[in-house]
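[1] coordinates only, no sequence provided:
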C-alpha cells in the first residue's frame, strides 16, 4: 500500500521488542507508586501492567525499554498515532500563541470549525464545542434534543457505552459502571441492538437487523408499550465497548426513517467509531444516512488533546445565549491539533488506508475464526476489529477468561489490545489509523499465537 511508505516513518518498524518481561523493574516501581497513591478504580494499568515512556506512531516504549505494537491507541484516541510530527508542530505553535479563550473566537478556533465542516455532511451546519470529554458531547446532544422537542425521554440500545457523567452514564448499559448508583435519569429506556451473534429476538439470524429496527417502530406506535414518545433516539453507529457490534446499513436506514416519521431527534454517537476509524469519516456514512446530531471526541484532539463537539442541523440551532456553557470549550491546543490532524488525514488518504488495511486484517482474522475452536466470531470495519472468545462454538458460551488471557499474553509478547463486550469476552483491536500493514499483521500473528496456546492449555 502506498501509504505504508509514508506511515512506516512514523513508527518503530522493528516492533515489538521485549527486552525484559513486562512489567520490568522500573515499571514495577511506578506501578507500585500508582497503587499506593491513586484511586482503586484504575483499570488499564492492571490489564496491561507497564509504565509508558514514549510513543511513536503505532508503537509505544515503556520505561524498561520494551517496545510494543499499539493496537489499542488509547481506546481510539490516537487516530494518527503517538507524537505525530505535523500535529505536534501545530500544537506547539498554539501553545506559544494562546491556549484558552472560552468561546471567544480566534484564528485557531476558526480553522478547527472549517476543518470539521469539510468532513461533516452538509446537512449538519452547526458545531458546538462543550467540555473536554465524549461524555460532555453526549450531555450536550441530549440537552439540545430535549430543548427542541420539549420532551424528556430518551431511547438507547442494549450494549451501549456513552460515557461516565450523569446522563451519559444513564445511557450506558454496563451494570459494572452503574452498580450502587440507583436510578440515574428518568425517561431513559433501552431496546435490543442488532447483535446477530447473540440474537436477542429468537428470529433467524439474518432477520435480526430489521427486527431490531421494527422493534423501535413497534414501541413508538403502540400506546401500551410503556414507551412514551422520546426527545431522542441515541445509538453508536458501531458499538465499541459493547463488543464492536457492527449494524447492517438497513438497521440505521430504518431507524432514520422511524425517527423522521415520529419527529424524534436521531443522535449518532461517533465518539469512538468516527473520524476515519471504520474507513469512512463517520461510521453512519456506511448506511448513507445523516443523523440530526452527531457527537465527536477521542480522535478529534489529534494526538490525545481533550476536546469534544456536537454537530447538528440548522433547525435545531435554537439555544439562547449562554444556555449551555463549559470552561474548557476553548482549548486552543486541542483545536490546533485537531484541525491539523483532520487536514493531514485527508491529504494522506488515511481513510482509504484504514478501509483497505481493515479488509486485509479481516482476511487473517477470518482464517483464525475458521481454525480456532475458541474463536466464536471475528468482526471488523476499517480499523475497528474484534475477536469474540467462547468456550464452545456450538453453545457460544462466552469465555471472558480467555479474552483476558489474550490481552495479558499479547501484552507480554509486545502487543497492546483491550477487552470488552457484553460478557467481557471480546478482544478488541483499535490500532492507530497510520499503522502499517507489516505491523498490523505482526500484531495479529502474535494474537493468533496466544490464542493457539490457550487452546493447547499452555496459558493460564
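    Good, I have the coordinates. Here the structure is a predicted model, which means the values were calculated and not measured.
[2] pretty sure residue 219 sits against residue 191.
    Yes. Counting by C-beta atoms under 8 Å, residue 191 is a contact partner of residue 219 at 6.9 Å. Heads up, the C-betas are built off the backbone N, CA and C, glycines and all.
[3] now the helices for the stretch 201-350 of the chain?
    For the stretch 201-350 of the chain, the helices defined by DSSP state H, counting those that start in this stretch cover 208-221, 249-261, 332-347, 350-371.
[4] tell me which of those helices sits nearest to residue 121.
    The closest approach between residue 121 and any of the helices of the stretch 201-350 of the chain, judged by C-beta to C-beta, belongs to helix 249-261 at 12.3 Å.
[5] so, low pLDDT: which residues of the chain?
    1-2 (pLDDT under 70).
[6] centre-most residue in it?
    Taking C-alpha atoms, centre = their mean, the centroid of the chain lies closest to residue 272, which sits 2.2 Å from it.
[7] can you count the residues close to the residue lying closest to that one once chain neighbours are set aside?
    Leaving aside its sequence neighbours, residue 272 sits nearest to residue 240 (C-beta to C-beta, 6 or more residues apart in numbering; 4.0 Å). Neighbourhood size, residue 240 [other C-beta atoms under 10 Å]: 25.
[8] what do you get for residue 97?
    Counted with other C-beta under 10 Å, the neighbours of residue 97 add up to 13.
[9] residue boundaries of the helices in the stretch 1-150 of the chain?
    Counting by DSSP H, counting those that start in this stretch, the stretch 1-150 of the chain has helices at residues 2-7, 25-37, 44-47, 73-76, 85-97, 107-119, 134-149.
[10] please work out which of the helices of the stretch 201-350 of the chain is packed deepest.
    Mean neighbour count (mean count of other C-beta atoms under 10 Å) peaks for helix 332-347 among the helices of the stretch 201-350 of the chain, with a mean of 24.
[11] so who does residue 61 touch?
    Contact analysis of residue 61 by C-beta atoms under 8 Å, 6 or more residues apart in numbering lists 12, 52, 53, 54, 55, 67, 68.
[12] mind checking how far it is from residue 81?
    Distance of residue 61 to residue 81, given as C-beta to C-beta, to the nearest Å: 13 Å.
[13] not counting stretch 156-172 itself, show me its contacts.
    Here stretch 156-172 makes contact (C-beta under 8 Å, 6+ apart) with 133-136, 138-139, 142-143, 154, 173-174, 177-178, 181, 184-185, 188-193, 195, 200, 233-236, 239-243, 245, 269, 271, 422.
[14] tell me the spacing between residue 311 and residue 241.
    23 Å.
[15] redo the helices of the stretch 1-150 of the chain as JSON lines? Include distance to residue 280.
    Below are the helices of the stretch 1-150 of the chain laid out as JSON lines (distance: least, C-beta to C-beta, whole Å):
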{"stretch": "helix 2-7", "distance to residue 280": "16"}
{"stretch": "helix 25-37", "distance to residue 280": "38"}
{"stretch": "helix 44-47", "distance to residue 280": "28"}
{"stretch": "helix 73-76", "distance to residue 280": "15"}
{"stretch": "helix 85-97", "distance to residue 280": "21"}
{"stretch": "helix 107-119", "distance to residue 280": "10"}
{"stretch": "helix 134-149", "distance to residue 280": "19"}
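[16] which of these is buried the deepest?
    Mean neighbour counts for those (mean count of other C-beta under 10 Å) peak at helix 134-149, with a mean of 24.
[17] from the contact counts, what lies against it?
    Applying 3 or more C-beta pairs under 8 Å, 6 or more residues apart in numbering; DSSP states H and E, one finds that helix 134-149 contacts helix 166-170, strand 232-236, strand 265-269, strand 293-296, strand 309-312.
[18] contacts for the fourth one, please.
    Okay, so that is strand 293-296. 120, 124, 134, 137-138, 140-141, 144-145, 232, 265-271, 274-275, 282, 284, 308-313, 316.
[19] just say helix, strand or coil for residue 378.
    Assigned by DSSP: H, G, I helix; E, B strand; the rest coil, the conformation of residue 378 is strand.
[20] was I right about it contacting residue 386?
    Yes. With contact defined as C-beta under 8 Å, residue 378 counts as touching residue 386 (6.7 Å).
[21] more neighbours, these two?
    residue 386 (26 against 23).
[22] just to be sure, that one is in a strand?
    Yes. According to three-state DSSP, residue 386 belongs to a strand.
[23] wait, isn't it in contact with residue 244?
    Yes. With contact defined as C-beta under 8 Å, residue 386 counts as touching residue 244 (3.4 Å).
[24] anything in contact with each of the two?
    By C-beta under 8 Å, 6+ apart, the residues touching both residue 386 and residue 244 are 379, 380, 420, 426, 428.
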